[in-house]
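Asks: no sequence on this one, just coordinates:
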């Protein structure tokens, strides 16, 4: 079972849809169980896996999901209206679920979104679900941060890789100061 640790319990929200599957065979070292486990991992279609799981004694255990309140995740269809047509600066974070550095900076990004909420909109875009945007904006590393103002990428605003909250604030303060002067 996955566990999420957080300093704020308000970020945790139990959710039923994401589940872990726990097998309870009579003898977990039996060759039938090991064979089933390997087949589920490596070689069956989703439909066949579902049939195998239904035939066994399977228990569903809910996971905890971190609820992102201040950052909205959008896709290609919402990009035009949310980012390019926005009347205020928009910080776009390109991330992926499998990306360790993306998960590492997630709390800092959430904090920045709340702190800069009156001056800036923070948006998250999933790398795997939006390959057209990834190609169009030439996102080569994750996480990538890009600041947009008046439908254009702010020059020298692109930042790749993990960043501490202090450095993130310095980065944003400098960029927001630059775009307010020009």
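Replies: It's in. Fair warning: this is a prediction, and the values are worked out from it, not measured in the lab.
Asks: rest of the way, CA atoms for contacts and neighbours
Replies: OK.
Asks: Outline the domain layout of this protein.
Replies: Domain assignment for the chain by automatic domain parsing gives 9-65, 70-181.
Asks: Lowest average pLDDT across these?
Replies: Ranked by mean pLDDT, those bottom out at domain 9-65, which scores a mean of 49.
Asks: What segments of the chain are helices?
Replies: Here the chain has its helices, by DSSP state H, at 31-42, 46-55, 76-79, 100-115, 131-136, 165-181.
Asks: Can you give the contact residues for the third one?
Replies: Spelled out, it's helix 76-79. With C-alpha atoms under 8 Å, 6 or more residues apart in numbering as the test, helix 76-79 has contacts from 130, 132, 133.
Asks: try it again with 7 Å
Replies: Contact with helix 76-79 is made by 130, 133, as judged by C-alpha atoms under 7 Å, 6 or more residues apart in numbering.
Asks: which parts of it are buried?
Replies: residue 79 (16 or more other C-alpha atoms under 10 Å).
Asks: can you check the last one too?
Replies: Residues of helix 165-181 classed as buried by neighbour count (16+ other C-alpha under 10 Å): 165, 168, 169, 172, 175, 176.
Asks: same thing with the fourth one?
Replies: Of all the residues in helix 100-115, those buried under the rule 16+ other C-alpha under 10 Å are 102, 103, 105, 106, 108, 109, 112, 113, 114.
Asks: what's it packed up against?
Replies: Judged by 3 or more C-alpha pairs under 7 Å, 6 or more residues apart in numbering; DSSP states H and E, helix 100-115 is in contact with no other helix or strand.
Asks: So which residues make contact with it?
Replies: Residues beyond helix 100-115 that count as contacts (C-alpha under 7 Å, 6+ apart) turn out to be 70, 71, 95, 96, 121, 122, 142, 143, 161, 162, 163, 165.
Asks: and the angle from it to helix 165-181?
Replies: Orientation of helix 100-115 against helix 165-181 (axes from the mean of the first three to the mean of the last three C-alpha atoms, to 10 degrees) gives an angle of 60 degrees.
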